[in-house]
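> Got a sequence here, can you build the structure:
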Amino acid sequence: MGGKVLDYEAKTIRNEGVEEGIEEGIRGTVSVLKKLGIPAQAIRIQIQEQYNLSQEES
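Below you'll find the predicted structure:
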């Protein structure tokens, strides 16, 4: 018996919040790594690998 995937407002709001939280965490991580003197290119590569992002997304 198959079911239909339901999209409802609470689920959408939760998913948006999770995405915003991840983005905020990435920004914070990048900020700290820059303060530690890690080159921007090295940070970008690691963020791309960790979060499976394209160059444009990162």
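> Quick one: neighbours of residue 26, just the number.
16 (other CB atoms under 10 Å). Backbone N, C-alpha and C define where each C-beta goes, glycine included.
> what's the pLDDT at the residue nearest to it when sequence neighbours are not counted?
Spatially, and ignoring its direct neighbours in sequence, residue 26 is nearest to residue 47 (6.1 Å; CB to CB, 6 or more residues apart in numbering). According to the prediction, residue 47 has pLDDT 92.
> Give the buried residues for the helix or strand containing residue 47.
Here residue 47 sits within helix 40-51, counting by DSSP states H and E. For helix 40-51, a neighbour-count test (16 or more other CB atoms under 10 Å) marks 43, 47 as buried.
> And that helix, what does it pack against?
With contacts defined as 3 or more CB pairs under 8 Å, 6 or more residues apart in numbering; DSSP states H and E, helix 40-51 has these neighbours: helix 9-35.
> buried residues in the helix it packs on?
26, 30, 33.
> Nice, that's everything, thank you.
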